[in-house]
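J.: just coords:
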């Protein structure tokens, strides 16, 4: 017994890696985890989840409302080309008056004096219809700016859809991975019981390949398995409820992810240049900034146009009547309370100020240069973002391939160590070492799979592949 204990090397085990490894051993010994019946649960694949999230997303709804608001601004500018009608109506009290009398070249007013009985009312209606003729670009520049503003808002939709799709994929992959971790944790708990019983039987038989300390190791790892399962349950519930909220599912409706495990595409990603070219032509932000630059340039030109006059034609008409006052018809003297006239005129309107217009031009110019700098910043940094996402995909793909091969090799090691242990020629320490290494490789393989799939989603979004949503 002393020689057997001395032959076991002290090792350190990570709780995650050992649990993944132990789940393999349990499957070799015939134990399994019977999956609960799905019942009436909704089975959703990733594409369906993305479509549902996009359809129910408040952020998408907000963008659609912003598009409608931008279209309303454009409609206002277009409406300015048409005639504008101003109608003013007045009613009120007025004292009665008689037509003046001329005697001996003197004007006499026969009107009654002011009293309650001499007060009546009057009514007046003024109509002015104005049609712009030429505005030096005030309207055309603002129309162009508003139209490009609509396009910029419309391009916000694919941008938000991309971001939303990446978020859904992250949660979906996390949910699948967490449930795999729960399965491993449950299998590990069953394995601890079986391993403890097996070691106890061997100790009772006096087997030299086991020691009493092996029982302590099993109990020590049991606590880690409980904590690991709690962590996996926390991650599973967080991802599940986050997805359920994004899908706007009712409280009484449950769902299941269609995928039970993460996979990796066999083919290598396309070359980096193709993604860079795709980002340059399809990235919504670049198109959006281009429209924003053109819109701000039009606003600058509109502000400059405000320094010039606006020519217009107008049709004017006025009708007024006061029953208590005599109508006074004289081409040289106007009567504000009894008249009717109309006509067509042409004119101009020119606004002068002391620096306000110039300040508006300076502000519009500063905003134009600001958006140009934002565009230049995006054109410089988006390729960097694409390159980083591309390298992340390459890195995690290589890591997944490497750890998958290592996991296969270490699994064979576990099988051999388990066989030696059962035949009495192997010690528990060797078996635990093999399990630890297999758990490390399998855990890192799953981690690489998760990061690979998330990196692919981020790369597709960075390259502007909105057609894949």
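T.: Now that the structure is in, tell me what you want to look at. Treat the numbers as computed from the prediction; the structure is a model and nothing was measured. Numbering: from 1, shown residues only.
J.: Identify the residues contacting the closest residue to residue 287 other than its chain neighbours.
T.: Excluding the flanking residues, the one nearest residue 287 by C-beta to C-beta, 6 or more residues apart in numbering is residue 155, at 5.2 Å. All C-beta atoms are positioned from the backbone trio N, CA, C, and that covers glycine. For residue 155, the contact set (C-beta atoms under 8 Å, 6 or more residues apart in numbering) comprises 284-285, 287-288, 291.
J.: Look up which residues are beta-bridged to residue 91.
T.: For residue 91, the beta-bridge partners are residue 123 (DSSP bridges).
J.: Next: the one 10 residues further on.
T.: Note on residue 101: beta-bridge partners residue 108, judged by DSSP bridges.
J.: So it sits against residue 110, correct?
T.: Yes. Residue 101 is in contact with residue 110 according to C-beta atoms under 8 Å; the separation is 5.8 Å.
J.: how far away is the residue nearest the centre of the chain from residue 260?
T.: The structure's the chain has its C-alpha centroid closest to residue 160; by C-alpha atoms, centre = their mean the separation is 3.7 Å. To residue 260, residue 160 is 30 Å away according to C-beta to C-beta, to the nearest Å.
J.: Show me where this structure has its helices.
T.: 2-6, 15-28, 46-56, 58-79, 138-205, 212-247, 272-282, 284-305, 356-423, 428-462 (DSSP state H).
J.: For residue 115, give its distance to residue 396.
T.: To residue 396, residue 115 is 98 Å away according to C-beta to C-beta.
J.: With neighbour numbers in mind, choose between these two.
T.: residue 396 (21 against 9; other C-beta atoms under 10 Å).
J.: what's near enough to touch that one?
T.: Residue 396 touches 448-449, 451-452, 455, counting by C-beta under 8 Å, 6+ apart.
J.: List just the nearest of these to residue 303.
T.: residue 455 (45.7 Å; C-beta to C-beta).
J.: what about the residue nearest to residue 53 when sequence neighbours are not counted, how many residues close to it?
T.: Sequence neighbours aside, residue 246 is the residue nearest to residue 53 in space, at 4.6 Å (criterion: C-beta to C-beta, 6+ apart). Residue 246: 19 surrounding residues under other C-beta under 10 Å.
J.: Which of the helices of the chain sits closest to residue 319?
T.: Relative to residue 319, the nearest member of these by C-beta to C-beta is helix 58-79, separated by 27.0 Å.
J.: Which other helices and strands does that closest one contact?
T.: With contacts taken as 3 or more C-beta pairs under 8 Å, 6 or more residues apart in numbering; DSSP states H and E, helix 58-79 sits against helix 138-205.
J.: Could you pull up the mean pLDDT of the helix it packs on?
T.: Rounded to a whole number, the mean pLDDT of helix 138-205 is 86.
J.: Measure how that helix sits relative to helix 58-79, angle-wise.
T.: Calculated by axes from the mean of the first three to the mean of the last three C-alpha atoms, to 10 degrees, helix 138-205 forms an angle of 170 degrees with helix 58-79.
J.: what separates helix 138-205 from the chain centre, distance-wise?
T.: 15 Å (C-alpha atoms, centre = their mean, to the nearest Å).
J.: How about the contacts made by residue 61?
T.: Applying C-beta under 8 Å, 6+ apart to residue 61 gives no contacts.
J.: before we move on, back to that, how much space between the residue nearest to residue 53 and residue 233?
T.: Using C-beta to C-beta, residue 246 is found at 20 Å from residue 233.
J.: Next: residue 276.
T.: To residue 233, residue 276 is 42 Å away according to C-beta to C-beta.
J.: Then residue 397?
T.: 30 Å.
J.: What of residue 344?
T.: Distance of residue 344 to residue 233, computed by C-beta to C-beta: 81 Å.
J.: Likewise for residue 106?
T.: Separation of residue 106 from residue 233 (C-beta to C-beta) stands at 108 Å.
J.: Would you pull up how far stretch 366-374 lies from the middle of the chain?
T.: Averaged C-alpha coordinates place stretch 366-374 at 24 Å from its chain's average position (C-alpha atoms, centre = their mean).
J.: out of residue 397 and residue 233, which sits in the more crowded spot?
T.: Between residue 397 and residue 233, residue 397 has the larger neighbour count (other C-beta under 10 Å), namely 22 against 15.
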